[in-house]
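J.: Sequence below, structure please.
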Amino acid sequence: MAATAFEPELISCATCAVEFGFDRSSLPERCAICDDERQYVPATGQAWVTQAELAGSTRVRIDELGPEQWGVTAEDVGIGQTMQVVRTDGGVLLWDPIGLVDGATVDFIRSLGPTLAIVASHPHMYGAQVTWSRALGAPVLLHAADRAWVQRHDPAQREWDGRLRLACGLELRTLGGHFPGSAIVHLPHAADGAGVVLAGDTVMVNPDRRTVAFLRSYPNKIPLSGAVTQRIADGLSKLQFKQIWSNFGNAITDRADELVQDAALRHIAWVRGDFDDLT
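T.: Take a look at the predicted model:
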């Protein structure tokens with residue numbers, strides 16, 4: 001569907017689509033989120049874009065991913081993440097908000113019921129989180145460990161840490177790794193009781209849909225250590241889930257709990273040097 005911007009003059013980084021504000025004179029020379037070893041400023045240099053410009057050059061797609069779960073993707077906006085929209089008995093969660101807030105998608109989400117919160121798994125996924133908050137009348141939950149990465153501040157933002165139960169069958173958990181505050185959503189009753197984890201980039205489902213990756217930087221290919229990978233795997237081992245959804249709509253939809261543990265063992269073995277004879 002064609003997009004119409006909710007806050008047309010809002011300025012965002014063209015590379016990551018994280019919102020900055022409305023005053024061009026106050027923009028930094030480079031986006032701090034992109035000017036970091038985990039991300040990148042493209043060879044063409046730092047660029048900025050308004051919501052109106054994004055809306056004029058993209059289309060927004062809404063896909064039904066499972067019972068009470070939808071994926072929202074805006075073509076060619078930022079790094080192209082898929083925003084997960086999940087409806088529970090306690091309300092709707094927006095996870096990893098995209099960088100464009102358009103009227104039709106706002107209307108769709110409102111039709112699902114009241115929005116509990118807008119939450120990003122980590123700073124690369126902040127997107128237009130404040131604009132989503134204003135459009136839907138919901139708070140933005142920010143992980144306390146990553147507060148320094150926030151580029152647009154607003155009274156609707158609230159910090160959290162550790163574990164946070166938002167509703168029955170809906171909990172945020174900190175696993176760290178990719179960022180200190182990297183988080184997941186655990187939905188133990190979702191997928192008809194099989195259980196779902198929304199992982200963002202905390203662990204990334206690979207194209208084979210049988211394994212996951214554990215990286216500090218995905219575009220720049222910086223691995224996490226074996227110890228940190230084990231810590232993340234241990235945190236996931238305590239949860240009931242058969243599906244795991246990462247960024248860009250990548251998913252393992254069966255036996256995800258077992259396959260994540262297998263992938264962690266493989267990662268740890270490689271970084272330890274167990275398979276150096278194969279290289």
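J.: Run through the strands of the stretch 151-279 of the chain in chain order.
T.: In the stretch 151-279 of the chain, the strands defined using DSSP state E, counting those that start in this stretch lie at 157-160, 163-167, 170-174, 183-187, 196-200, 204-205, 212-213, 215-217, 222-223, 243-246, 251-252.
J.: Those into a markdown table, with extra columns for mean neighbour count, mean pLDDT and distance to Glu29?
T.: In short, each C-beta sits where N, CA and C put it, glycine included. Below are those laid out as a markdown table (neighbours: other CB atoms under 10 Å; pLDDT from 0 to 100; distance: least, CB to CB, whole Å):
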| stretch | mean neighbour count | mean pLDDT | distance to Glu29 |
| --- | --- | --- | --- |
| strand 157-160 | 15 | 98 | 25 |
| strand 163-167 | 15 | 97 | 35 |
| strand 170-174 | 20 | 98 | 32 |
| strand 183-187 | 25 | 98 | 30 |
| strand 196-200 | 28 | 97 | 28 |
| strand 204-205 | 22 | 98 | 30 |
| strand 212-213 | 22 | 98 | 32 |
| strand 215-217 | 17 | 98 | 22 |
| strand 222-223 | 14 | 98 | 24 |
| strand 243-246 | 26 | 98 | 32 |
| strand 251-252 | 23 | 98 | 38 |
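J.: right, so of those, which gets closest to Val140?
T.: strand 157-160 (4.6 Å; CB to CB).
J.: my read: Val203 touches Val212, true?
T.: Yes: using CB atoms under 8 Å, Val203 is in contact with Val212, at 4.4 Å.
J.: which residues are common contacts for those two?
T.: Here Val203 and Val212 have Ile244, Ser246, Val260, Ala263 as joint contacts, going by CB atoms under 8 Å, 6 or more residues apart in numbering.
J.: what residues are up against the first one?
T.: If you count contacts by CB under 8 Å, 6+ apart, Ile244 has them with Val196, Val197, Leu198, Ala199, Val203, Val205, Val212, Ala251, Ile252, Ala256, Val260.
J.: Run through the bridge partners of the first one.
T.: Pointing back at Val196 there. On the basis of DSSP bridges, Val196 is bridged to Leu187, Gln243.
J.: Report the contact partners of it.
T.: Contacts of Val196 by CB under 8 Å, 6+ apart are Gly66, Gln69, His186, Leu187, Ala190, Phe241, Lys242, Gln243, Ile244, Trp245.
J.: What's the separation between it and His178?
T.: To His178, Val196 is 20 Å away according to CB to CB, to the nearest Å.
J.: before we move on, what about the last one?
T.: Val260 is 15 Å from His178, where distance means CB to CB.
J.: same check, this time on the fifth one
T.: Shown here: Val203 relative to His178, a distance of 9 Å by CB to CB.
J.: Neighbour count for these two, which is higher?
T.: Ranked by neighbour count (other CB atoms under 10 Å), Val203 and His178 place Val203 first, with 31 against 28.
J.: How far off centre is stretch 248-267?
T.: The gap between where stretch 248-267 is centred and where its chain is centred comes out at 17 Å by CA atoms, centre = their mean, to the nearest Å.
J.: which non-adjacent residue is nearest Ala128?
T.: The shortest distance from Ala128 to any non-neighbouring residue, by CB to CB, 6 or more residues apart in numbering, is to Glu19 (4.6 Å).
J.: Now do that neighbour, the pLDDT please.
T.: Reported pLDDT at Glu19 in the predicted model: 98.
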